[in-house]
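[1] just a sequence and a predicted model for now, questions to come.
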Amino acid sequence: MMEELRRAETALSQALTAGASHMDQFALARAHSDLAETRHRMSLGEGLTVIALVGGTGSGKSTMFNALTDLTFADAGELRPTTDRAAACTWGTDAKQMLDFLGVDEDRRIRRGSALVDEEPELAGLVILDLPDHDSVEVSHAVQVSRLVPLVDLLIWVLDPQKYADEALHSGYLSALRARSEAMIVVLNQIDTVPIAAREDLVADCRRLLAADGLGEVPVLTASALTREGLDEIKVHIASACTSSPAAATARADISRIAKRLSSSVGESEPGIDESANQTAATSLASACGAGAVAESLRAGGSSWTRPALARPEKPSADAISAIREAWLDKHRSGLPSSWAGELTEAVAGPEKIRRAAGEVAEGVPARHPSRTSALLLLGLGVLAGLGAALCLVLGVSAPHLLPTSLAMRLILIIALVAGSFTFISAARRMRSIAAARAANSYASEMGRGMSAVVREHLAERARPVLERHAATREGLHVARG
């Protein structure tokens, strides 16, 4: 438990630091205060087990306190059945620092003597509190209860069998303590006033209501502080709490409660840097700069022996850049609370800065038609071969003695020259086309790399720290919640 507690405490502390600017400042201050109080409570709780009796006016809570302590210290009676201030009884220690921390006045403390402690050694280090009535009309009483309930290790709810179904009790307290269900028992007091035949149904109905509160595992006991019926069973639960050292569990529940209050400050998840979104943005930037037209003019050079006009890149419009930026942000703001989404928007570069960066890349990427020397050489050879074939035809008529005497050899020579002409010319055209396509692809690739660098520098790398802090905050709160 201690290892888990330390891990949860560290996680909560880190979450408070990472997400501080996105948390309600009042809630953040309260979280820091509560965490400090929890740490202080842990430092004081070594060897102590704090148990509180909680209940409404007339439930017999103070009488139960007296019965469990075998003292007549707590305020009890029919004329004034209201507890104004918390009272405490300790076993074997004065627990002064702890009671100071809990705010129990010195005149409301009593200590069991050593002889009595020797009779119940399993209760050594026990501190029992009798809290003010949770339904008191005095606001100060409710404030004391609300402050002390989360700080104790075991809550014993002492309920009147006539008022156990009170809506204010269930909606105002019990349903909010689901995280403390393992450190809670419910005692239906004054059971001596309930007919024996009705007691089983009474307990069943109380369990039903607790289940509706999310407290279905909480034990329900019956007792009478006046007749002492059921006290032994209550003491068994108290002794079990003392031996299990529940202080760490109490602190763990406090940390979970703090984290849950802050959960709305983060989303359920956060998008990572989306490489496909980066690529889409880079492609769109290149297109906005006219890269497609430049590449197409380079490619068109492969279909003509003249040099066609070469398109030039252009400065992208502000509207186009804004649209590209917003599309990228939409991908990375998905699921984030508005505060985090706003910080992400502010973190990345503005449209004008992206526009300038994209324009510089476009101007810096060279766009030149490839060399035509090799293709022209092949073309020249093709033309010469064609002229040679034509010359052979002319000589065959006017000066046949200059050609091979065999007609077959003459035909073979002419056909070879014609075939060579077509081969050289085709190869020249193919070389020209390939060179033009290579130049176009090279230009497009270099533009793509340049625009990808713009997206990384001005969008992705600026957004990454925000997303990482959101992840750290969310994961820290998740670990702290447990």
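    Received, thanks. Numbering: from 1, shown residues only.

[2] you'd agree A86 is up against I128?
    No. A86 is beyond contact range of I128, at 10.7 Å (criterion: CB atoms under 8 Å). C-betas here are computed from N, CA, C, even on glycine.

[3] which of the helices or strands spans A327?
    Assigning secondary structure by DSSP states H and E places A327 in helix 318-333.

[4] can you give me the offset of that helix from its chain's centre?
    Taking the mean of its C-alpha atoms, helix 318-333 sits 24 Å from the chain's own mean (CA atoms, centre = their mean, to the nearest Å).

[5] how about the secondary structure of V158?
    When the structure is reduced to helix, strand and coil (DSSP: H, G, I helix; E, B strand; the rest coil), V158 reads as strand.

[6] residue ranges with poor pLDDT in the stretch 101-250 of the chain?
    Residue ranges of the stretch 101-250 of the chain with pLDDT under 70: 113-120, 135-144, 245-246.

[7] repeat that with 80
    In the predicted model, the stretch 101-250 of the chain carries pLDDT under 80 at residues 112-122, 133-151, 168, 171-173, 176, 179-180, 243-250.

[8] report the contact partners of T93.
    By CB atoms under 8 Å, 6 or more residues apart in numbering, T93 lies in contact with G47, L48, R111, A124, G125.

[9] 7 Å - rerun?
    G125 (CB atoms under 7 Å, 6 or more residues apart in numbering).

[10] with F101 instead?
    Contacts for F101 were tallied using CB under 7 Å, 6+ apart; they are H40, R41, L44.

[11] what's the angle from the lengthiest helix in the chain to helix 318-333?
    Scanning the chain for the longest helix, with DSSP state H as the assignment, gives helix 407-455. Inter-element angle recorded for helix 407-455 and helix 318-333: 70 degrees (by axes from the mean of the first three to the mean of the last three CA atoms, to 10 degrees).

[12] which strands and helices sit next to helix 407-455?
    In terms of contacts (3 or more CB pairs under 7 Å, 6 or more residues apart in numbering; DSSP states H and E), helix 407-455 is packed against helix 275-288, helix 291-300, helix 351-364, helix 373-398.

[13] quick one on the thing from earlier: who wins on neighbours among the contacts of F101?
    Neighbours here mean other CB atoms under 10 Å. Within these, the largest count is held by R41, at 22 neighbours.

[14] from memory that residue sits against P150, does it?
    No. Shown here, R41 and P150 do not form a contact pair, counting by CB atoms under 7 Å, at 9.5 Å.

[15] state the distance from E3 to L477.
    Here the criterion is CB to CB, to the nearest Å. By it, E3 lies 19 Å from L477.

[16] count of neighbours near E106?
    Residues contacting E106 under the criterion other CB under 10 Å number 9.

[17] quick check on it: phi, psi?
    For E106, the backbone dihedrals (degrees, to the nearest 10) come out as phi -60, psi -30.

[18] could you identify the helix or strand that succeeds the helix holding A327?
    Of the helices and strands lying after helix 318-333 in sequence (DSSP H and E), the nearest is helix 338-347.

[19] circling back to that earlier point, ok, E3 and L477, which is more surrounded?
    Set side by side, E3 and L477 show unequal neighbour counts under other CB under 10 Å, the larger going to L477 at 25 against 8.

[20] got the buried residues for the one helix or strand A31 maps to?
    The secondary structure element spanning A31 is helix 25-44 (assigned by DSSP H and E). With burial defined by 16 or more other CB atoms under 10 Å, the residues of helix 25-44 counted as buried are L28, A31, D34, L35, E37, T38, R41, M42, L44.

[21] alpha carbons of that helix, in PDB - could you do that?
    These are the backbone C-alpha positions of helix 25-44, laid out as PDB (Å, rounded to 0.1, in the frame of the first residue of the first chain):
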ATOM      1  CA  GLN A  25      -7.100  28.300 -10.000                       C
ATOM      2  CA  PHE A  26      -9.400  27.900  -7.000                       C
ATOM      3  CA  ALA A  27      -9.500  24.100  -7.500                       C
ATOM      4  CA  LEU A  28      -5.700  24.100  -8.100                       C
ATOM      5  CA  ALA A  29      -5.100  26.000  -4.800                       C
ATOM      6  CA  ARG A  30      -7.500  23.700  -3.000                       C
ATOM      7  CA  ALA A  31      -5.700  20.600  -4.400                       C
ATOM      8  CA  HIS A  32      -2.300  21.800  -3.300                       C
ATOM      9  CA  SER A  33      -3.700  22.600   0.100                       C
ATOM     10  CA  ASP A  34      -5.500  19.200   0.400                       C
ATOM     11  CA  LEU A  35      -2.300  17.400  -0.800                       C
ATOM     12  CA  ALA A  36      -0.200  19.200   1.800                       C
ATOM     13  CA  GLU A  37      -2.800  18.300   4.500                       C
ATOM     14  CA  THR A  38      -2.700  14.700   3.400                       C
ATOM     15  CA  ARG A  39       1.000  14.600   3.600                       C
ATOM     16  CA  HIS A  40       0.900  16.200   7.000                       C
ATOM     17  CA  ARG A  41      -1.800  13.800   8.200                       C
ATOM     18  CA  MET A  42       0.500  10.900   7.100                       C
ATOM     19  CA  SER A  43       3.400  12.300   9.000                       C
ATOM     20  CA  LEU A  44       1.300  12.500  12.200                       C
END
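
[22] next helix or strand past that helix?
    Following helix 25-44 in sequence order, the next helix or strand is strand 49-55 (DSSP H and E).

[23] mind giving me the packing neighbours of that following strand?
    Contacts of strand 49-55 with other secondary structure elements, assessed using 3+ CB pairs under 7 Å, 6+ apart, are made with helix 61-69, strand 126-130, strand 154-159, helix 231-243.

[24] so for I354, which of these sits nearest?
    Across the helices and strands packed on strand 49-55, the minimum distance to I354, taken as CB to CB, is reached by strand 154-159, at 58.2 Å.

[25] please report how far L209 lies from S452.
    Look at L209 and S452: by CB to CB, they are 62 Å apart.

[26] go on, Q190?
    77 Å.

[27] of the two, which one has the most company?
    Relative neighbour count places Q190 above the other of Q190 and S452, with 23 against 20, counting by other CB under 10 Å.

[28] hang on, that one packs against S224?
    Yes. Counting by CB under 7 Å, a contact exists between Q190 and S224, whose distance comes to 6.0 Å.

[29] just want the angle from the helix holding A327 to helix 351-364.
    Comparing the axes of helix 318-333 and helix 351-364 via the same axes, to 10 degrees yields an angle of 110 degrees.

[30] packing partners of helix 318-333?
    Judged by 3+ CB pairs under 7 Å, 6+ apart, helix 318-333 is in contact with helix 275-288, helix 338-347, helix 351-364.

[31] now the first one: how far from the chain's centre is it?
    This points to helix 275-288. With CA atoms, centre = their mean as the basis, the distance from the averaged C-alpha position of helix 275-288 to the chain average is 28 Å.

[32] in it, which residues are buried?
    Residues A277, N278, T280, A281, A282, T283, S284, L285, A286, S287, A288 are the ones in helix 275-288 that count as buried (16+ other CB under 10 Å).
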